[in-house]
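Novice: next input, structure requested:
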Amino acid sequence: MEAVVARNCSISTSKGHPLLTFYPSKYQQVLICLTFFLKQLLVRDRDYEDTTTSSEGEGASETADMRQAFLMHSFMSSLSLVKWLPISRDMQQRQFPVKSREGHNSCVLNGPDGCKSLVITGGFSDDQGVTVIEVEKGVKSHTSNWGWTRLTPRFSHEPIFVYGASLTPLPPALSEEMEKDRFMRLRPGIMKKNVAKAVRFGGFEGGGYSGESNEVWVLTIVDYDYEDDSLDQFAVWEKIETHGPTPMARAYHSATLIHDRYLVIIGGMAHLGSCMEESILDTKTWTWIDMKLNCKGEPRGRHGHSVVWDKRRDRLVMFGGGSGTDLLRTGRDNNEVWELKMKGIVAIHECLVRSRSCSDQEMMWEWSKIHKNTLSQQNSSARSDNDSDSDDDSEDGSNDADINLSPSESLCLGRCHHAMKISPDSVLLLFGGGRPSTNGMLGYDLANDTFLRPFVKGPLPVPRFTGVASFLETEGYVLVHGGFNDRIGRAVLDMQVLDLAPSLGRSFAGFPLDEDRKSQEAVSDDAAKNGQYGVHPQHNLHHNLRHQQQMNALQRRLLAQLHEAQMNGL
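Specialist: Got it, this is the predicted structure:
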């Protein structure tokens, strides 16, 4: 023992006081170097530098967690293998507060005490509650129970029924800066306060795809931790009075936060049809930027599309979507991929700070089509003749590269699918498509602009679109809830977890699972072509759909007029 101490410590004096300095052993030095090396690899392979693990101490445990985090990220980013984990239906029916729903919102916020808060709220429902699922942050999230709390939020204004809105989390630093000393409780003994925020834009406020909105609301989740180990949590909805030119009201648009500040709104649906308008909200000043963008080769109107920020290539990438005036009966889907080169976002920021006007070159954003629409015209046989906002494959400037997607795969880019950036170079696309919906998925390689086809294990879920899906980045899971299934004609009560790194062999304990759940049938190419689940269209289907479209168009106009009259107090 004395020899060990002699090798790993030294004794010196300073002002007459002995000082004992310990040196790490060779084994500890190896662990420290390996942990540092893995951290640097994660920093390299991510868009952010958060390399925290769930271990409180250092040494072998921290190194093991960092190794697990690196392996998980490697498996996720390749999108080679994923696995569905079906959550117990009995638990969903008897205990979970969010039931069958469509057009709702979800996002992941920074939670208290090393946790993440997965929020589900809104949608086509009279339930104004906010459900918060607490997930342990880090690679050990699968070992602990994912508890939840249903909060009844406070409102700064009268609560508004809304569906098809966007809900985008704000960075933790910006959320804390906005709050400072707000929401301080009078009860003594507060040890810690956590504040997390998300911004909601747009949505329909009336039935029948009417009453589109351009309002901005902020959802704030506040957590208090007291000295007696008690917790307090509440939610607040606040309507934001914005400045600058008012953007177009819309729903089923995309909302993408870039540079931790600018919320870019693209496209969407109004009661008269789909649009393609770009609007930018400065979330620090709540000002709509008057950009008057000079966009080249702008795509036509669409809704239910998705947009991700490709930070490494300084562009926004837009996937698919659909046209028309509703989600099922008009318009058509597309499987296009576009990019928007944001040439002037930094210059625009400097112009705002220095109170000077931007040049035309600084305001130039450029759209270009990466992959053209290759969907069969058979898919669009039921669309109305006046769908002027549908994309035309013969547009000038389109890339003729064939994306080689089958009809069933193309549904993953159809309206109201889910898209999430799994890593700096990979995107996951799942569900989507109006008629029929799909339960399939695709990957996309941003570095090479090519599609990936993950191998899927586990029982396939029910096909759907216009549900919610939230990506837990440092945990390696996607939580999916609800959505509309066009085969049964209603929203589904179904919640699933997608394991993005099943090769790690993790045993999931977050929710009880249905181990004997039967797999749903995959949507075939024939079903995708016919617009039905494996059933050949009837001879009079086109005539019946055309009649429905005419009737629904009349109903939408009447509902829009009724909503306008109600807003005017008539």
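Novice: only C-alpha atoms from now on, for both contacts and neighbour counts.
Specialist: Will do.
Novice: let me see the ranges of the helices in this protein.
Specialist: Taking DSSP state H as the criterion, the chain contains helices spanning 2-8, 26-45, 60-78, 89-94, 172-179, 345-354, 407-410, 525-530, 541-567.
Novice: contacts only, for the residue lying closest to residue 315 once chain neighbours are set aside.
Specialist: Among residues not flanking residue 315 along the chain, residue 341 sits closest, at 4.7 Å (CA to CA, 6 or more residues apart in numbering). Residues near residue 341 by CA atoms under 8 Å, 6 or more residues apart in numbering: 314-316, 365-367.
Novice: show the buried residues in those residues.
Specialist: Neighbour counting by 16 or more other CA atoms under 10 Å classes 315-316, 365-367 among the contacts of residue 341 as buried.
Novice: quick one: which of those is nearest residue 408?
Specialist: Of all those, residue 408 sits closest to residue 316, with 25.4 Å by CA to CA.
Novice: list the contacts for that closest one?
Specialist: Shown in contact with residue 316 (CA under 8 Å, 6+ apart): 307-310, 339-342.
Novice: reformat those as TSV; add distance to residue 514.
Specialist: Output for the contacts of residue 316, formatted as TSV (distance: CA to CA, whole Å):
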residue	distance to residue 514
307	33
308	33
309	36
310	37
339	41
340	43
341	45
342	46
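Novice: out of these, name the ones that lie in strands.
Specialist: Here DSSP state E is the test, and the contacts of residue 316 give 307-310, 339-342 as lying in strands.
Novice: return the item of those having minimum pLDDT.
Specialist: Within the ones in strands among the contacts of residue 316, residue 342 has the lowest pLDDT, namely 77.
Novice: gap between that residue and residue 246?
Specialist: Look at residue 342 and residue 246: by CA to CA, to the nearest Å, they are 21 Å apart.
Novice: when those two are compared, which one has more neighbours?
Specialist: The residue with more neighbours, out of residue 342 and residue 246, is residue 342; 17 against 14, by other CA atoms under 10 Å.
Novice: who does that one bridge with?
Specialist: residue 365 (DSSP bridges).
Novice: ok, it touching residue 315?
Specialist: Yes - here residue 342 reaches residue 315: they are 5.8 Å apart, a contact under CA atoms under 8 Å.
Novice: how about residue 465: what's its closest non-neighbour residue?
Specialist: residue 432 (4.4 Å).
Novice: pull the number of nearby residues for the one you found.
Specialist: For residue 432, the number of neighbouring residues by other CA under 10 Å comes to 35.
Novice: also the one 10 residues further on?
Specialist: A count of nearby residues for residue 442, using other CA under 10 Å, gives 22.
Novice: show me the beta-bridge partners of it.
Specialist: residue 429.
Novice: state the distance from it to residue 71.
Specialist: For residue 442 relative to residue 71 (CA to CA), the value is 21 Å.
Novice: can you give me the distance of residue 441 to residue 252?
Specialist: Taking CA to CA, one finds residue 441 at 20 Å from residue 252.
Novice: and if you look at residue 423?
Specialist: Counting by CA to CA, the gap from residue 423 to residue 252 is 25 Å.
Novice: for those two, indicate the residue with more neighbours.
Specialist: residue 252 (29 against 21).
Novice: okay, now the nearest residue to residue 153 once chain neighbours are set aside: neighbour count?
Specialist: Leaving aside its sequence neighbours, residue 153 sits nearest to residue 235 (CA to CA, 6+ apart; 4.7 Å). Around residue 235 there are 22 other residues, counting by other CA under 10 Å.
Novice: then residue 140?
Specialist: Around residue 140 there are 19 residues (other CA under 10 Å).
Novice: pLDDT wise, what is it at?
Specialist: Residue 140 is given a pLDDT of 86.
Novice: this completes my enquiry, with thanks.
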